[in-house]
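Novice: Next one to model:
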Amino acid sequence: MSSCISVLGSTGSIGRQTLDVVDKLGLRVAALTANRDVDRLEAQCRKYRPKLAAMMDEAAYKELKARLSDMNITVVLGLEGLITAASLPEADTVVTAVSGMVGLKPTLAAIREHKRIALANKETLVCAGELVMEQAKTYGAEIIPVDSEHSAIFQCLMGNRDKTQIKRLILTCSGGPFYGLTRTELAEKKKADALRHPNWKMGAKITIDCATLMNKGLEIIEAMRLYDLPLEKVTAVVHRQSIVHSMVEFTDGAVMAQLGAPDMRIPISLAMTYPERKQTPAPALDLLSCPPLTFAEIDEGSFDCFRLAKEAARRGGTVCAAMNAANEEAVALYLQDNIGFYDISELVARAMELPSVENPKLRDILNADKAARELVRSRFPR
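Specialist: Numbering: from 1, shown residues only. A predicted model of the protein is given here:
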């Protein structure tokens, strides 16, 4: 069980819910980091009194440093600050709740320091999964997934880690706010529509990814990396109620599922307490008041991003990194109302046409990420 943690991305949705769990479990906090939310990070620092606070944005860093001048807290800047936060000797666990490719280097740094990684940053495994898992094995670092779907798979496999007995992993998907719509209807949807997720409260970027179903495609790749399985053994189905968080089908025909209220504090808490379980701030699931549980196929003909993510998984190499980078840039443009819904998948598809490197090193992954971002920005300058 964890005793002291660093939270990368503490002002975001996952970060704030992690601190709810910290309060419930009575954990200590070594470091907190944010992008630019000075007000919230200052309040968190005054409550939890970490050794270190990091800001990605330079102006926000300067303001936070001035505001915390009366406290014995070291304030650091940028990616190097995140890496420092991930490497503090006081912390036995690092919660990677930052969004996007920025989480990769801090995660690798935490792995090299033999930390437990409570992984909520799926892009780390999407872009560099083989490298990250190899490093974790080399340094003896634990990676415990925080995503509700991957935590569900993790829990279903607690009693059976023999991969030869797994027929397939079945990730569940709410279908997002646009479930059942046609391509014509989807083409007209703007960010205000996309941000209305039916079941979960999340950050803007991941909520858009849920609307395009890119999030489920990324999760398929993440599951492949976490559990070292080929694409044909990882699938996804629509489950509108978000009560069954994922399932494992075994070779004998048995299917194990993990159920729970749609509350991220449950998987967050498990990542802190594993192999134990502790009481969480989340509500209990009342089976007698649950709606009927339904399952359906994902409409790959309407949700291009899901199909493209699976294609990237099939092709491997640096294609996944390029796909992810283009999606991050395209989603940012969509959130600014600069492009349409299907422009996101078009940009992702173009980035996937860039030259790919098989068996990539870290520099190859970073180069692919940069090239894909430049491609998107050249077509739609901000």
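
Novice: what residues are up against Asp57?
Specialist: By Cβ atoms under 8 Å, 6 or more residues apart in numbering, the contact set of Asp57 is 35-36. Every C-beta, even on glycine, is put in place using the N, C-alpha and C of the backbone.

Novice: could you redo the last one with a cut-off of 10 Å?
Specialist: 34-38, 63-64, 77-78 (Cβ atoms under 10 Å, 6 or more residues apart in numbering).

Novice: Against Cys45, how distant is it?
Specialist: 16 Å (Cβ to Cβ, to the nearest Å).

Novice: How about Thr251?
Specialist: On the measure of Cβ to Cβ, Thr251 and Cys45 end up 50 Å apart.

Novice: before we move on, what about Ser3?
Specialist: Distance from Ser3 to Cys45, counting by Cβ to Cβ: 20 Å.

Novice: same thing with Asn35?
Specialist: For Asn35, the distance to Cys45 - Cβ to Cβ - is 15 Å.

Novice: One more: Ala351?
Specialist: Counting by Cβ to Cβ, the gap from Ala351 to Cys45 is 38 Å.

Novice: Please apply the same query to Ala312.
Specialist: Taking Cβ to Cβ, one finds Ala312 at 39 Å from Cys45.

Novice: who's more crowded, Ala351 and Cys45?
Specialist: Neighbours around Ala351 and Cys45, counted as other Cβ atoms under 10 Å, are more numerous at Ala351. The numbers are 28 against 23.

Novice: Pop out the phi and psi values for the more buried one.
Specialist: As for Ala351, its main-chain torsions (degrees, to the nearest 10) stand at phi -70, psi -30.

Novice: And for Val248?
Specialist: Per degrees, to the nearest 10, the backbone of Val248 is at phi -120, psi 120.

Novice: Quick check: bridge partners of it?
Specialist: In this entry, Val248 is beta-bridged to Leu169, Met256, by DSSP bridges.

Novice: Can you verify my assumption that it contacts Tyr227?
Specialist: Yes. Under the criterion of Cβ atoms under 10 Å, Val248 makes contact with Tyr227 at 9.3 Å.

Novice: what do those two both touch?
Specialist: By Cβ under 10 Å, 6+ apart, the residues touching both Val248 and Tyr227 are 153-154, 157, 166, 169.

Novice: Among these, which lie within strands?
Specialist: 166, 169 (DSSP state E).

Novice: Now the two most distant members of the shared contacts of Val248 and Tyr227.
Specialist: Phe154 and Ile166 (12.8 Å; Cβ to Cβ).

Novice: which of the two has more neighbours?
Specialist: Using other Cβ under 10 Å, the more surrounded residue of Phe154 and Ile166 is Phe154, with 23 against 20.

Novice: what's the closest non-adjacent residue to that one?
Specialist: Pro145 (5.6 Å; Cβ to Cβ, 6 or more residues apart in numbering).

Novice: can you pull the buried residues of stretch 98-112?
Specialist: 98-111 (16 or more other Cβ atoms under 10 Å).

Novice: and which of those residues is nearest to Ala91?
Specialist: Comparing these against Ala91 with Cβ to Cβ places Ala110 closest, at 8.4 Å.

Novice: Got phi/psi on the closest one?
Specialist: phi -70, psi -40.

Novice: returning to what we had before: the residue nearest to Phe154 reaches Arg116, doesn't it?
Specialist: No. Assessed by Cβ under 10 Å, Pro145 is found out of contact with Arg116, at 11.7 Å.

Novice: which neighbours do these two share?
Specialist: Ala271.

Novice: Of these two, which one has the most company?
Specialist: Pro145 (26 against 22).

Novice: Show me what the more buried one is bridged to.
Specialist: Each beta-bridge partner of Pro145 is listed here: Leu119, as defined by DSSP bridges.

Novice: Give me the pLDDT value at it.
Specialist: pLDDT for Pro145: 97.

Novice: what's the answer for Trp200, then?
Specialist: 69.

Novice: Check His197 too.
Specialist: According to the model, His197 scores 76 on pLDDT.

Novice: Out of the buried residues of stretch 98-112, list just those in strands.
Specialist: Short answer: these have none in strands (DSSP E).

Novice: which one of Val248 and Tyr227 has more residues nearby?
Specialist: Shown here are Val248 and Tyr227; by other Cβ under 10 Å, Val248 has more neighbours (23 against 20).

Novice: which ones are touching that one?
Specialist: Val248 neighbours (Cβ under 10 Å, 6+ apart): 152-157, 160, 165-170, 227, 254-258.

Novice: is it true that Val29 lies in a strand?
Specialist: Yes. Applying DSSP: H, G, I helix; E, B strand; the rest coil, one finds Val29 inside a strand.

Novice: That one reaches Val21, doesn't it?
Specialist: No. Using Cβ under 10 Å, Val29 is not in contact with Val21; the gap is 11.3 Å.

Novice: Counting neighbours, go ahead and name the busier of these two.
Specialist: A count of neighbours by other Cβ under 10 Å puts Val21 above the other of Val29 and Val21, at 27 against 23.

Novice: Just the pLDDT at the more buried one, thanks.
Specialist: For Val21, the predicted pLDDT is 97.

Novice: How about Arg382?
Specialist: The model reports Arg382 with a pLDDT of 64.

Novice: What of Arg161?
Specialist: Reported pLDDT at Arg161 in the predicted model: 71.

Novice: hang on, it packs against Tyr227?
Specialist: Yes. Counting by Cβ under 10 Å, Arg161 touches Tyr227, with 9.4 Å between them.

Novice: now the strands for the stretch 51-200 of the chain?
Specialist: 52-55, 74-77, 93-96, 116-119, 142-145, 166-173 (DSSP state E, counting those that start in this stretch).
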